[in-house]
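Chemist: Quick one: sequence plus predicted model below, questions after.
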Amino acid sequence: MSRGAASMRLAILTSHVIQYQAPFFQRLAREPDVDLTVVYCSLAGATLMHDREMSTTMQWNLELLSGYRYVTLRNLRKDLSGGFFRLTNPGVIPHLIRKRYDAAIFMFGWGSLTALLAAFTCWLTRTPFFFFGDSSFPPPATTTRARIRDRFLRFLFSRATGFMTSGALNADYYRHYGADPRTFFLLPWAVDNDRFEAESRFVSGERDALRAQYGIAPDQIAFLYSAKLLPRKDPMTLLRGFEQMRERERAVIVFMGEGVLREELETYTREHGLERGVRFIGFVNQREIPKHYAMCDVFVLPSLYEPRGAVLNEAMACGLPVVVTDRCGSIGDIVRPNDNAFVYPAGDAGALASDLDRLAADDEMRARMAQRSREIIGGWSYERGVEGVKAMLQWLRTR
(Lines give C-alpha, C1' and ligand atoms only; values in the text may rest on other atoms or scores of the structure.)
Protein backbone atom coordinates (compact mmCIF):
# COMPACT_ATOMS: atom_id res chain seq x y z
CA MET A 1 0.00 0.00 0.00
CA SER A 2 1.30 3.43 -0.89
CA ARG A 3 1.74 5.82 2.01
CA GLY A 4 0.70 9.44 2.07
CA ALA A 5 3.04 12.26 2.89
CA ALA A 6 1.50 12.52 6.36
CA SER A 7 2.07 8.86 7.28
CA MET A 8 4.23 8.30 10.36
CA ARG A 9 6.96 5.68 10.56
CA LEU A 10 6.13 3.47 13.52
CA ALA A 11 8.26 0.65 14.91
CA ILE A 12 6.71 -1.98 17.16
CA LEU A 13 9.42 -3.93 18.98
CA THR A 14 8.35 -7.34 20.26
CA SER A 15 10.00 -10.45 21.66
CA HIS A 16 8.85 -13.16 19.27
CA VAL A 17 5.97 -14.18 17.02
CA ILE A 18 2.88 -14.22 19.23
CA GLN A 19 -0.43 -15.54 17.98
CA TYR A 20 -2.36 -12.68 19.61
CA GLN A 21 -0.21 -9.87 18.21
CA ALA A 22 0.22 -10.79 14.54
CA PRO A 23 -3.44 -10.21 13.54
CA PHE A 24 -3.22 -6.78 15.16
CA PHE A 25 -0.10 -5.97 13.11
CA GLN A 26 -1.92 -7.07 9.96
CA ARG A 27 -4.84 -4.82 10.81
CA LEU A 28 -2.68 -1.79 11.73
CA ALA A 29 -0.56 -2.15 8.57
CA ARG A 30 -3.65 -1.47 6.44
CA GLU A 31 -3.94 2.08 7.78
CA PRO A 32 -2.70 4.51 5.08
CA ASP A 33 -1.34 7.00 7.62
CA VAL A 34 0.70 4.42 9.57
CA ASP A 35 3.97 3.17 8.05
CA LEU A 36 4.49 0.11 10.25
CA THR A 37 7.61 -1.98 10.80
CA VAL A 38 7.53 -4.82 13.35
CA VAL A 39 10.94 -5.54 14.86
CA TYR A 40 11.18 -9.12 16.15
CA CYS A 41 13.85 -10.19 18.63
CA SER A 42 13.21 -13.81 17.61
CA LEU A 43 11.04 -15.73 15.13
CA ALA A 44 10.12 -18.33 17.76
CA GLY A 45 6.44 -19.16 17.34
CA ALA A 46 6.54 -18.94 13.55
CA THR A 47 9.17 -21.69 13.60
CA LEU A 48 9.43 -24.81 15.74
CA MET A 49 10.27 -23.97 19.33
CA HIS A 50 10.58 -25.91 22.54
CA ASP A 51 8.47 -24.63 25.42
CA ARG A 52 10.23 -25.73 28.57
CA GLU A 53 7.27 -24.95 30.80
CA MET A 54 4.97 -27.18 28.74
CA SER A 55 7.70 -29.72 27.88
CA THR A 56 6.39 -29.43 24.34
CA THR A 57 7.95 -28.70 20.94
CA MET A 58 5.40 -26.75 18.95
CA GLN A 59 4.68 -24.23 16.22
CA TRP A 60 1.51 -22.14 15.91
CA ASN A 61 -0.60 -23.43 13.02
CA LEU A 62 -1.62 -19.94 11.85
CA GLU A 63 -0.12 -17.62 9.24
CA LEU A 64 1.55 -15.00 11.42
CA LEU A 65 4.21 -13.36 9.24
CA SER A 66 2.18 -12.04 6.30
CA GLY A 67 0.33 -8.79 5.78
CA TYR A 68 2.88 -6.46 7.38
CA ARG A 69 6.56 -5.51 7.12
CA TYR A 70 8.90 -7.02 9.69
CA VAL A 71 12.60 -7.34 10.41
CA THR A 72 14.34 -9.79 12.71
CA LEU A 73 17.21 -8.96 15.04
CA ARG A 74 19.75 -11.59 16.05
CA ASN A 75 19.18 -12.73 19.62
CA LEU A 76 22.34 -13.90 21.36
CA ARG A 77 20.23 -16.07 23.65
CA LYS A 78 18.50 -19.17 22.33
CA ASP A 79 16.15 -19.66 25.28
CA LEU A 80 13.39 -17.03 25.58
CA SER A 81 12.58 -18.12 29.14
CA GLY A 82 15.92 -16.91 30.51
CA GLY A 83 14.81 -13.90 32.57
CA PHE A 84 16.35 -10.46 32.04
CA PHE A 85 18.84 -11.72 29.43
CA ARG A 86 16.29 -13.76 27.45
CA LEU A 87 16.31 -10.90 24.93
CA THR A 88 19.89 -9.89 24.16
CA ASN A 89 19.74 -8.12 20.80
CA PRO A 90 22.58 -5.58 20.51
CA GLY A 91 21.51 -4.98 16.90
CA VAL A 92 18.57 -2.95 18.18
CA ILE A 93 20.94 0.00 18.69
CA PRO A 94 22.17 0.42 15.08
CA HIS A 95 18.70 -0.44 13.77
CA LEU A 96 17.01 2.38 15.69
CA ILE A 97 19.82 4.83 14.93
CA ARG A 98 19.71 4.04 11.23
CA LYS A 99 15.90 4.04 10.80
CA ARG A 100 15.04 7.07 12.96
CA TYR A 101 11.37 6.13 13.35
CA ASP A 102 8.79 8.77 14.24
CA ALA A 103 7.74 6.62 17.20
CA ALA A 104 8.37 3.22 18.76
CA ILE A 105 6.15 0.96 20.87
CA PHE A 106 7.92 -1.54 23.11
CA MET A 107 5.58 -4.53 23.11
CA PHE A 108 8.17 -6.53 25.05
CA GLY A 109 7.74 -4.28 28.09
CA TRP A 110 10.87 -3.20 29.96
CA GLY A 111 12.19 -6.29 31.75
CA SER A 112 14.95 -7.33 29.37
CA LEU A 113 18.38 -6.16 28.25
CA THR A 114 17.08 -5.41 24.76
CA ALA A 115 14.33 -3.19 26.17
CA LEU A 116 16.86 -1.10 28.07
CA LEU A 117 19.18 -0.90 25.04
CA ALA A 118 16.23 0.25 22.93
CA ALA A 119 15.15 2.83 25.52
CA PHE A 120 18.68 4.22 25.73
CA THR A 121 18.90 4.47 21.95
CA CYS A 122 15.54 6.24 21.74
CA TRP A 123 16.72 8.76 24.33
CA LEU A 124 19.90 9.27 22.33
CA THR A 125 18.10 9.78 19.00
CA ARG A 126 15.12 11.63 20.53
CA THR A 127 12.76 9.00 19.17
CA PRO A 128 9.44 9.03 21.09
CA PHE A 129 8.87 5.61 22.69
CA PHE A 130 5.94 4.06 24.49
CA PHE A 131 5.84 1.09 26.83
CA PHE A 132 3.19 -1.59 26.38
CA GLY A 133 2.78 -4.49 28.78
CA ASP A 134 0.35 -6.42 30.93
CA SER A 135 1.68 -5.65 34.43
CA SER A 136 -0.86 -5.14 37.21
CA PHE A 137 -0.85 -5.20 41.04
CA PRO A 138 2.39 -3.35 41.97
CA PRO A 139 4.27 -5.34 44.63
CA PRO A 140 4.88 -3.63 47.99
CA ALA A 141 8.30 -1.97 48.29
CA THR A 142 9.07 -3.59 51.66
CA THR A 143 12.52 -5.06 50.97
CA THR A 144 15.76 -3.49 49.76
CA ARG A 145 15.45 -5.26 46.43
CA ALA A 146 11.81 -4.17 46.05
CA ARG A 147 12.68 -0.56 46.88
CA ILE A 148 15.47 -0.57 44.27
CA ARG A 149 13.02 -1.97 41.71
CA ASP A 150 10.45 0.68 42.67
CA ARG A 151 12.93 3.53 42.19
CA PHE A 152 14.22 2.08 38.93
CA LEU A 153 10.72 1.85 37.45
CA ARG A 154 9.91 5.40 38.53
CA PHE A 155 13.10 6.57 36.80
CA LEU A 156 12.47 4.50 33.67
CA PHE A 157 8.83 5.51 33.34
CA SER A 158 9.71 9.18 33.79
CA ARG A 159 11.92 8.93 30.70
CA ALA A 160 9.30 7.28 28.47
CA THR A 161 7.25 9.44 26.12
CA GLY A 162 4.09 7.61 27.10
CA PHE A 163 2.29 4.34 27.65
CA MET A 164 -0.03 2.12 25.64
CA THR A 165 -2.32 0.76 28.34
CA SER A 166 -3.61 -2.80 27.96
CA GLY A 167 -6.44 -2.39 30.49
CA ALA A 168 -7.71 -0.59 33.58
CA LEU A 169 -5.42 -2.25 36.14
CA ASN A 170 -2.43 -1.85 33.83
CA ALA A 171 -3.09 1.91 33.72
CA ASP A 172 -3.27 1.91 37.53
CA TYR A 173 0.12 0.17 37.58
CA TYR A 174 1.74 2.98 35.56
CA ARG A 175 0.08 5.62 37.74
CA HIS A 176 1.51 3.92 40.83
CA TYR A 177 5.04 4.53 39.50
CA GLY A 178 4.40 8.18 38.70
CA ALA A 179 3.43 8.02 35.02
CA ASP A 180 1.34 10.90 33.69
CA PRO A 181 -2.17 9.73 32.63
CA ARG A 182 -2.15 12.40 29.92
CA THR A 183 0.37 10.19 28.08
CA PHE A 184 -1.82 7.05 28.26
CA PHE A 185 -3.39 5.58 25.11
CA LEU A 186 -5.56 2.46 25.16
CA LEU A 187 -4.25 -0.54 23.23
CA PRO A 188 -6.47 -3.36 24.52
CA TRP A 189 -4.91 -6.74 25.19
CA ALA A 190 -7.08 -8.36 22.54
CA VAL A 191 -7.38 -11.52 20.48
CA ASP A 192 -8.91 -12.18 17.08
CA ASN A 193 -12.52 -12.11 18.29
CA ASP A 194 -13.95 -12.71 14.82
CA ARG A 195 -11.88 -15.85 14.28
CA PHE A 196 -12.70 -17.34 17.67
CA GLU A 197 -16.40 -16.58 17.29
CA ALA A 198 -16.59 -18.01 13.77
CA GLU A 199 -14.45 -21.09 14.42
CA SER A 200 -16.32 -21.95 17.63
CA ARG A 201 -19.58 -22.62 15.78
CA PHE A 202 -20.79 -26.21 15.48
CA VAL A 203 -22.95 -27.91 12.91
CA SER A 204 -25.70 -30.19 14.17
CA GLY A 205 -24.32 -33.01 16.32
CA GLU A 206 -20.71 -31.80 16.15
CA ARG A 207 -20.51 -30.53 19.73
CA ASP A 208 -21.78 -33.77 21.24
CA ALA A 209 -19.37 -35.73 19.03
CA LEU A 210 -16.36 -33.70 20.18
CA ARG A 211 -17.39 -34.05 23.82
CA ALA A 212 -17.80 -37.80 23.31
CA GLN A 213 -14.14 -38.02 22.20
CA TYR A 214 -13.21 -37.00 25.75
CA GLY A 215 -15.90 -38.97 27.53
CA ILE A 216 -18.08 -35.94 28.34
CA ALA A 217 -21.81 -36.65 28.36
CA PRO A 218 -24.19 -34.20 26.65
CA ASP A 219 -25.84 -33.30 29.97
CA GLN A 220 -22.63 -32.77 31.97
CA ILE A 221 -21.50 -29.23 32.82
CA ALA A 222 -17.93 -28.93 31.53
CA PHE A 223 -15.57 -26.48 33.25
CA LEU A 224 -12.52 -25.70 31.10
CA TYR A 225 -8.98 -24.83 32.21
CA SER A 226 -6.76 -23.69 29.32
CA ALA A 227 -3.21 -22.78 30.39
CA LYS A 228 0.14 -24.32 31.18
CA LEU A 229 0.03 -26.71 34.12
CA LEU A 230 2.31 -24.63 36.34
CA PRO A 231 2.28 -23.64 40.03
CA ARG A 232 1.54 -19.94 39.32
CA LYS A 233 -1.55 -20.99 37.33
CA ASP A 234 -2.70 -23.04 40.37
CA PRO A 235 -4.59 -25.85 38.63
CA MET A 236 -4.45 -27.82 41.90
CA THR A 237 -6.90 -25.41 43.54
CA LEU A 238 -9.30 -26.02 40.66
CA LEU A 239 -8.97 -29.76 41.21
CA ARG A 240 -9.57 -29.37 44.95
CA GLY A 241 -12.48 -27.03 44.29
CA PHE A 242 -14.02 -29.63 42.00
CA GLU A 243 -13.57 -32.24 44.72
CA GLN A 244 -15.55 -30.04 47.15
CA MET A 245 -18.48 -29.38 44.79
CA ARG A 246 -21.98 -30.40 45.85
CA GLU A 247 -22.94 -30.66 42.16
CA ARG A 248 -19.88 -32.73 41.27
CA GLU A 249 -21.85 -35.67 39.87
CA ARG A 250 -23.14 -33.56 36.97
CA ALA A 251 -19.85 -31.74 36.33
CA VAL A 252 -16.53 -32.44 34.62
CA ILE A 253 -13.21 -30.54 34.67
CA VAL A 254 -11.25 -30.36 31.40
CA PHE A 255 -7.54 -29.52 31.69
CA MET A 256 -6.28 -28.31 28.30
CA GLY A 257 -2.51 -27.78 28.34
CA GLU A 258 0.76 -29.35 29.41
CA GLY A 259 3.27 -28.57 32.13
CA VAL A 260 5.28 -29.79 35.08
CA LEU A 261 2.23 -30.31 37.32
CA ARG A 262 0.45 -32.78 35.05
CA GLU A 263 1.76 -35.88 36.79
CA GLU A 264 0.95 -34.47 40.24
CA LEU A 265 -2.57 -33.54 39.12
CA GLU A 266 -3.16 -36.97 37.60
CA THR A 267 -1.89 -38.65 40.78
CA TYR A 268 -4.21 -36.53 42.95
CA THR A 269 -7.11 -37.37 40.63
CA ARG A 270 -6.50 -41.13 41.00
CA GLU A 271 -5.81 -41.08 44.72
CA HIS A 272 -8.98 -39.08 45.47
CA GLY A 273 -11.25 -41.06 43.16
CA LEU A 274 -11.98 -38.18 40.79
CA GLU A 275 -11.30 -39.96 37.47
CA ARG A 276 -14.96 -39.92 36.46
CA GLY A 277 -15.05 -36.14 36.41
CA VAL A 278 -11.55 -35.04 35.27
CA ARG A 279 -10.08 -35.01 31.76
CA PHE A 280 -6.50 -34.19 30.73
CA ILE A 281 -6.49 -33.49 26.99
CA GLY A 282 -3.00 -31.97 26.60
CA PHE A 283 -1.83 -29.24 24.22
CA VAL A 284 -4.31 -28.07 21.57
CA ASN A 285 -3.09 -25.80 18.77
CA GLN A 286 -4.70 -22.56 17.63
CA ARG A 287 -6.91 -23.82 14.80
CA GLU A 288 -8.52 -26.43 17.05
CA ILE A 289 -8.82 -24.32 20.19
CA PRO A 290 -12.12 -22.45 19.47
CA LYS A 291 -14.24 -25.59 19.26
CA HIS A 292 -12.59 -26.98 22.40
CA TYR A 293 -13.68 -23.84 24.23
CA ALA A 294 -17.17 -24.06 22.79
CA MET A 295 -17.63 -27.74 23.69
CA CYS A 296 -17.42 -26.62 27.34
CA ASP A 297 -19.84 -24.54 29.41
CA VAL A 298 -17.69 -22.39 31.74
CA PHE A 299 -14.09 -21.19 31.70
CA VAL A 300 -11.97 -21.15 34.89
CA LEU A 301 -8.64 -19.35 35.37
CA PRO A 302 -7.37 -20.08 38.92
CA SER A 303 -4.02 -18.24 38.67
CA LEU A 304 -2.28 -16.96 41.79
CA TYR A 305 -1.15 -14.03 39.63
CA GLU A 306 -2.36 -13.30 36.10
CA PRO A 307 -1.32 -9.95 34.58
CA ARG A 308 -3.97 -10.21 31.84
CA GLY A 309 -4.93 -13.73 30.71
CA ALA A 310 -5.58 -13.65 26.95
CA VAL A 311 -7.26 -17.05 27.36
CA LEU A 312 -10.12 -15.12 28.96
CA ASN A 313 -10.59 -13.14 25.74
CA GLU A 314 -10.62 -16.40 23.79
CA ALA A 315 -13.15 -18.03 26.09
CA MET A 316 -15.44 -15.01 26.05
CA ALA A 317 -15.31 -14.76 22.24
CA CYS A 318 -16.42 -18.40 22.20
CA GLY A 319 -19.36 -17.55 24.46
CA LEU A 320 -18.34 -18.79 27.92
CA PRO A 321 -18.95 -17.33 31.38
CA VAL A 322 -15.67 -17.03 33.29
CA VAL A 323 -14.49 -17.67 36.82
CA VAL A 324 -11.20 -16.02 37.85
CA THR A 325 -9.19 -15.16 40.94
CA ASP A 326 -8.90 -11.70 42.45
CA ARG A 327 -5.33 -11.57 41.09
CA CYS A 328 -6.37 -11.31 37.46
CA GLY A 329 -5.47 -8.13 35.57
CA SER A 330 -8.56 -8.30 33.35
CA ILE A 331 -10.89 -7.42 36.23
CA GLY A 332 -12.56 -4.09 35.62
CA ASP A 333 -12.63 -4.16 31.84
CA ILE A 334 -13.56 -7.55 30.33
CA VAL A 335 -14.02 -9.45 33.61
CA ARG A 336 -17.08 -7.99 35.31
CA PRO A 337 -18.06 -9.60 38.60
CA ASN A 338 -21.63 -10.95 38.75
CA ASP A 339 -22.19 -9.89 35.14
CA ASN A 340 -20.18 -12.27 32.96
CA ALA A 341 -17.86 -13.49 35.72
CA PHE A 342 -17.41 -14.73 39.24
CA VAL A 343 -14.28 -13.66 41.11
CA TYR A 344 -12.95 -15.59 44.11
CA PRO A 345 -9.90 -15.18 46.41
CA ALA A 346 -6.82 -16.80 44.86
CA GLY A 347 -6.06 -20.21 46.37
CA ASP A 348 -9.46 -20.56 48.09
CA ALA A 349 -10.78 -23.94 46.92
CA GLY A 350 -13.95 -23.65 49.00
CA ALA A 351 -14.92 -20.31 47.48
CA LEU A 352 -14.20 -21.67 44.00
CA ALA A 353 -16.34 -24.75 44.68
CA SER A 354 -19.23 -22.47 45.66
CA ASP A 355 -18.98 -20.56 42.37
CA LEU A 356 -18.76 -23.77 40.36
CA ASP A 357 -21.85 -25.11 42.15
CA ARG A 358 -23.83 -21.96 41.38
CA LEU A 359 -22.98 -22.21 37.70
CA ALA A 360 -23.56 -25.95 37.48
CA ALA A 361 -27.01 -25.65 39.07
CA ASP A 362 -28.39 -22.73 37.05
CA ASP A 363 -28.71 -23.16 33.28
CA GLU A 364 -30.40 -19.79 32.83
CA MET A 365 -27.65 -17.92 34.66
CA ARG A 366 -24.94 -19.61 32.58
CA ALA A 367 -26.72 -18.65 29.37
CA ARG A 368 -27.12 -15.04 30.52
CA MET A 369 -23.47 -14.73 31.55
CA ALA A 370 -22.35 -16.36 28.30
CA GLN A 371 -24.25 -13.76 26.29
CA ARG A 372 -22.70 -10.97 28.33
CA SER A 373 -19.23 -12.39 27.65
CA ARG A 374 -19.85 -12.13 23.91
CA GLU A 375 -21.20 -8.58 24.22
CA ILE A 376 -18.34 -7.35 26.40
CA ILE A 377 -15.52 -8.87 24.37
CA GLY A 378 -17.01 -7.47 21.15
CA GLY A 379 -15.87 -4.00 22.25
CA TRP A 380 -12.39 -5.16 23.29
CA SER A 381 -10.89 -5.54 19.84
CA TYR A 382 -8.00 -4.93 17.47
CA GLU A 383 -9.97 -2.08 15.92
CA ARG A 384 -10.01 -0.32 19.25
CA GLY A 385 -6.25 -0.84 19.47
CA VAL A 386 -5.75 0.71 16.04
CA GLU A 387 -7.72 3.72 17.26
CA GLY A 388 -5.43 3.97 20.28
CA VAL A 389 -2.26 3.85 18.20
CA LYS A 390 -3.58 6.46 15.79
CA ALA A 391 -4.59 8.71 18.69
CA MET A 392 -1.06 8.42 20.05
CA LEU A 393 0.48 9.30 16.68
CA GLN A 394 -1.85 12.25 16.29
CA TRP A 395 -0.85 13.43 19.78
CA LEU A 396 2.81 13.30 18.70
CA ARG A 397 2.04 15.35 15.59
CA THR A 398 0.47 18.13 17.66
CA ARG A 399 3.01 18.24 20.50
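Modeler: Looks like it came in fine. Numbers count the residues shown, from 1 in each chain.
Chemist: those strands in the stretch 101-250 of the chain, which residues are they?
Modeler: 103-106, 129-132, 162-165, 184-186, 221-226 (DSSP state E, counting those that start in this stretch).
Chemist: which helices and strands does the third one pack with?
Modeler: Packing contacts for strand 162-165, counted by 3 or more C-beta pairs under 8 Å, 6 or more residues apart in numbering; DSSP states H and E, involve strand 129-132, helix 168-176, strand 184-186, helix 382-398. Placement of C-beta: from N, CA and C, glycine included.
Chemist: Tell me which residues of stretch 218-232 come out buried.
Modeler: Neighbour-count burial for stretch 218-232, counted by 16 or more other C-beta atoms under 10 Å, picks out 220-230.
Chemist: now stretch 237-257
Modeler: For stretch 237-257, by 16+ other C-beta under 10 Å, it's 237-243, 245, 248, 251-257.
Chemist: quick one, phi/psi of the nearest residue to residue 359 once chain neighbours are set aside?
Modeler: Of all residues not flanking residue 359 in the chain, residue 298 sits nearest, at 5.2 Å (C-beta to C-beta, 6 or more residues apart in numbering). The phi/psi pair for residue 298 (degrees, to the nearest 10) reads phi -150, psi 140.
Chemist: Pull the contacting residues for residue 298.
Modeler: Neighbour list for residue 298: 221-224, 320-323, 356, 359, 366 [criterion: C-beta atoms under 8 Å, 6 or more residues apart in numbering].
Chemist: how about 6 Å then?
Modeler: Going by C-beta atoms under 6 Å, 6 or more residues apart in numbering, residue 298 touches 223, 320-321, 359.
Chemist: Please tell me how far it sits from residue 140.
Modeler: Using C-beta to C-beta, to the nearest Å, residue 298 is found at 33 Å from residue 140.
Chemist: Likewise for residue 169?
Modeler: 16 Å.
Chemist: between the two, which one's more packed in?
Modeler: More crowded of residue 169 and residue 140, by other C-beta atoms under 10 Å: residue 169, with 21 against 8.
Chemist: Not counting sequence-adjacent ones, nearest residue to that one?
Modeler: Nearest one to residue 169, counting by C-beta to C-beta, 6+ apart, is residue 136 at 3.9 Å.
Chemist: Would you confirm that the one you found contacts residue 173?
Modeler: Yes - between residue 136 and residue 173 a contact is recorded at 5.4 Å, counting by C-beta atoms under 6 Å.
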